[in-house]
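1. with the input below, show me the fold.
(chains A and B)
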Amino acid sequence: MRILIVEDESSIANFIRDGMEEEGFAVDVASNGKDGYSLAIDNIEEYDVILLDWMLPGMSGIEIIRNLRIVNNEIPIILLTAKDSVDDVVFGLESGANDYIRKPFSFEELLARVRVLMRKNETGPVIFTAKDIEMDIEKHTVTHNENHIDLTQKEFALLEYLLRNKGKVCRRTRIIAKVWNIHFDYDNSVIDVYINALRKKLDDHGSPSIITTVRGIGYKIEDEE
Amino acid sequence: MNLKFKNRIALFNTLAVALTTALVFLAIFCVVYNTSYAHLDDDIAIKKAEVLRNLDWLGDSIIINKMPEWDEVEHRRIEVDPTFIQITDSDGNVIFRSTNLLKEKVLSGPKRSDRTFYNGVISSQRVRLGRFPLKNDLGNIIGELTIATSGEESYTVLNNLIWVLLISFPIVLVVLFIASSFAASKAISPVNQLIRTASRISDSNISTRLTLPPHMDELYDLTRTINELLTRIEASLIQQKQFTSDVSHEIRTPIAAIRGTLEVLARKEREPKIYNEKISGIIKEVDRLDTMLDQLLQLSRIESNKSFARNEKIRLNEIISDSMEKLEPMASEKNISQTSKVNENVWVVADRIYLELMLDNLLSNAIKYGKENGNVFFNWDDEIQTLAIQDDGIGISHEHLPNVFNRFYRADESRSSSIKGNGLGLSIVKKLADLQNISLTAESIPDIGSTFYLRFPL
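-> The predicted model follows:
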C-alpha cells in the first residue's frame, strides 16, 4: 500500500513517513506543491492515499486537489492543515478532499482515517485469509494456525498486497510500485529475496508454498474457493 | 424633548411661521379696522360741517336754526343707516336731539377722554360717534355736538375678519406642521435608508458597501465617508484575521511535529540512537517555538509603545561589533565571516536598544540565508547617511522582495523549510525603523546576495 505525503514541514513529513512505514506502507514525500503534484499525477494508479498539506510553497493543496480531481475521482485525499475554521473545513472538503485533519493531530487518528478511506475505496475486508494464514490489517498481525508470525515492514506490505489480490497474478512491476517507494532503484531481485523470506516464515515443511511463482511474470496466492 | 428629527424640523418651522402669520394677521386687521372707521369718521365730519352751518351762538347761548331737512325720514328712523345728532349745553343739558334719538338715553362720550371719535351702542345698534365741542367767538366752550352714524356694517366686516383670522390661524399651523413633517421625513428618508443598510453590516458581511445617492450632496459625502470607513475597518479586520491565522499556523506546525514525532516514537521500543536523533529534533522545534514567541512579544511591545523611541547619539561601530559578537556562534557554524567597514567616528542618532534589535535581526537573517563560507559586510555612506548590510547569500527573488517586510512572509518557502525562519524578523526591523524615522530598503539578486539599507534621518 503506497502513500504520498505532500508537506513542506520536514519535521511533520518525517514522523508521518516513519509511522506509516512501520505500518507497512510504502511512503513517498514531496516537500513542495509542484513536486507533490507531479508525483501524484505521474503515479496516480500506484497511490492508495494522498496526504496533503494545505499551505504549500509552489502550489497550494487546494490547487493540487482540484487538478487531480479532473483526472481521478477515486483516489482518497486527506488534507492536513493548521487552518481550523469551519469555513476552511467546508472549503477543503468541497474542493474534493475526502477528509480533513487539523494540526496538531494524533498519528493514530491519521492512521485510522487512512484505513477507513482505503476500506471505502476498496470495499475489501480488513482480515485476509489463505489456507492457515490469517492477516489482520488493523491489528497489524499475521498468524499461522493461530501462532503469531513476526514480519518485517516490507514483508508485511508484500504479503498484504498479494492477499489483497488473492487469485490474481501480481506482476513484479506492480509489486514494486505498490510496496516500494519512488526511491527504489529497481533491482527486481529484491522481490525474490522478500518472497523467499515470506515463504520461510509462512510455509509448512514439505507442503507446497502458499505463494506460487508465475514464471516470467510475477507471483500469486491461490484462491482456494 | 425627545422628538424625532423630522418633527423637530417641523416644529421649528411651524413656530417661525406662527409668529410671521400672527404679525401678518395683526397688520391686516389694523389696516381694515382703520380704513373702515376712517370712512365713518369722514361721514361724521361732513355731517358736522352741515350741522355747524345751522348753528349760531350768542354769548354762551346756542341758537339752532332749525332746518326742515332734519325732519327728513332718515333722522326719524333708526333702521336704515341713520345719523343721530345731539347738542348739549356746557352743563350737559340736552338742547337738541334728532327725532330718532327721542327714546334713547342722553349720549355721553367716554369720561376723561379727549378722543373725538369712539364706538357706542344705540338701540342695540353699533354706532360710530363723533363729539365736537362748540365754542363761541371768544373761544369758550358753550356746548357739545355729538353725531353718531351706524357702524353695524364695519363692525360686521371686522367681526367676520377676526373670526376668519382666529380660525384660520390654527388650521394653517396644523396643516403646516403636517406638511413640514412630511417634507422633512421625505428629506431624511435617505438617511433612514442609510441607517437601515449600515446597521445590517457586521463582521460577516463587512465587504458590503452603501449605494451612493445620485446627487452630489451632503448625503453623498456622508455615504462615501461611511464607505471609506468600512474599507479601512475591513482592511484591518482582514489583516488581523491573517495575523491570527499566521500565528496559529506557525504555532501549530511545530506542535504538530513534536506531538507526532513523540507519538510515533512511543509506538514501540527503539534503539538509543533513534531516541537521541528524535529528541534533538524535538528540541529544535521547541527552540523554534520559543524564538517565535519572543519575536511576537517584541512585536506587540513595539506596537503598544509606539511613541517611545529615544534619540541617543550612538557610535555606530560599537553597536555593529556587539551584534557581530552575539551572532558569531551562528556565523561560524556556516563559516561565514562578518566584516564592518564602518569608520570608528561615525555617530548616528537613534534609540540604542531598538537599533541593536534591528542589527541583530538583519545580521541573523544574513547568516541564516547566507551560503557556507560566505561573507557579511557593513558599509557606511556618509553622504547619504546610510548603513548597508550586504551578504552574498541565496538572495530574494524579484517577486518576493516587496513583501519581505510583511509579517510571516517567507521568501524561502520554495526552498522547502530547511531554513527555519518564521518571517517575523524583518517585520520587526521594519517597525523599529519606522519608529525611528530610519528609511529601510532592500536590494537583492537571487543567488548573488541581498543588501539592506538603513538611511538615518539627518
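2. surely B:Lys135 touches B:Ile141?
-> Yes. A contact is recorded between B:Lys135 and B:Ile141 when judged using C-beta atoms under 8 Å, the distance being 5.7 Å. C-beta coordinates here come from the backbone N, C-alpha and C atoms, glycine included.
3. and for those two, which residues touch both?
-> With contacts defined as C-beta atoms under 8 Å, 6 or more residues apart in numbering or on different chains, no residue is shared by B:Lys135 and B:Ile141.
4. near chain B, which residues of chain A? Just list them.
-> Those residues of chain A that sit near chain B, judged by C-beta under 8 Å from any C-beta of the partner chain, are A:8-12, A:14-16, A:18-19, A:22, A:31-32, A:55, A:57-58, A:82-84, A:102-108.
5. of those residues, just the buried ones, ChimeraX syntax please.
-> Only the buried entries of the residues of chain A next to chain B go into this ChimeraX selection, using 16 or more other C-beta atoms under 10 Å in any protein chain shown:
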select /A:8,9,10,11,12,14,15,16,18,19,31,32,55,57,58,82,83,103,104,105,107
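6. what residue spans form the domains of the chain?
-> Picking chain A for this. If the domains of chain A are taken from automatic domain parsing, they occupy A:2-122, A:127-221, with pieces of a single domain joined by a plus sign.
7. try again with chain B
-> According to automatic domain parsing, the domains of chain B span B:5-161, B:201-304, B:310-455.
8. and among the ones you listed, the most buried is which?
-> Here the criterion is mean neighbour count by mean count of other C-beta atoms under 10 Å in any protein chain shown, and of these the winner is domain B:310-455, at a mean of 18.
9. now what about the longest helix along chain A, what contacts it?
-> In chain A, assigned by DSSP state H, the helix with the most residues is helix A:107-122. Counting by C-beta under 8 Å, 6+ apart, helix A:107-122 makes contact with A:1, A:3, A:15-16, A:19-20, A:23, A:48-49, A:51, A:74-76, A:78, A:80, A:98-99, A:101, A:126, A:137-138, A:164, B:260, B:263-264, B:267, all of which sit outside it.
10. show me the shaky parts of the chain.
-> Since you didn't name a chain, this refers to chain A. Along chain A, segments meeting pLDDT under 70 span A:120-125, A:182-186, A:225.
11. wrong one, I was asking about chain B
-> Across chain B (using pLDDT under 70), the flagged ranges come out as B:1-3, B:66-81, B:102-104, B:106, B:109-113, B:305-307, B:408-422.
12. on that earlier part again, buried stuff in the next helix or strand after the longest helix of chain A?
-> Scanning forward in sequence from helix A:107-122, with DSSP states H and E defining helices and strands, the next element found is strand A:127-130. The neighbour-count criterion (16+ other C-beta under 10 Å) identifies A:128, A:130 as the buried residues of strand A:127-130.
13. name the residues of the helix or strand following strand A:127-130 that are buried.
-> Moving toward the C-terminus from strand A:127-130, the first helix or strand encountered (DSSP H and E) is strand A:133-136. By neighbour count, and taking 16+ other C-beta under 10 Å as the criterion, the buried residues in strand A:133-136 are A:133-135.
14. for those residues, give me a markdown table that also has distance to B:Leu289.
-> Output for the buried residues of strand A:133-136, formatted as a markdown table (distance: C-beta to C-beta, whole Å):
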| residue | distance to B:Leu289 |
| --- | --- |
| A:Ile133 | 47 |
| A:Glu134 | 45 |
| A:Met135 | 42 |
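15. all strands for chain B, in order.
-> Remark: strands assigned in chain B by DSSP state E are B:55-58, B:61-64, B:83-89, B:94-97, B:117-122, B:125-135, B:141-150, B:312-315, B:337-340, B:347-350, B:375-381, B:386-391, B:439-445, B:449-455.
16. the longest one to strand B:83-89, inter-axis angle?
-> An angle of 40 degrees separates the directions of strand B:125-135 and strand B:83-89 when computed by axes from the mean of the first three to the mean of the last three C-alpha atoms, to 10 degrees.
17. my guess is B:Leu176 contacts B:Phe12. True?
-> No. Here B:Leu176 does not reach B:Phe12: they are 11.4 Å apart, not a contact under C-beta under 8 Å.
18. ok, A:Val169 - contacts?
-> Shown here is A:Val169, whose contacts under the criterion C-beta under 8 Å, 6+ apart are A:214, A:217-220.
19. next: B:Lys334.
-> Contacts here follow C-beta under 8 Å, 6+ apart; on that basis B:Lys334 touches B:367, B:370-374.
20. now render the residues you listed as TSV, adding distance to A:Glu155.
-> Converted to TSV, these look like this (distance: C-beta to C-beta, whole Å):
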residue	distance to A:Glu155
B:Ile367	47
B:Gly370	46
B:Lys371	44
B:Glu372	42
B:Asn373	46
B:Gly374	48
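21. show me where the stretch 351-458 of chain B has helices.
-> Here the stretch 351-458 of chain B has its helices, by DSSP state H, counting those that start in this stretch, at B:352-368, B:425-435.
22. tabulate those helices in a markdown table, adding columns for distance to B:Tyr275.
-> As requested, the helices of the stretch 351-458 of chain B are exported to a markdown table (distance: least, C-beta to C-beta, whole Å):
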| stretch | distance to B:Tyr275 |
| --- | --- |
| helix B:352-368 | 28 |
| helix B:425-435 | 32 |
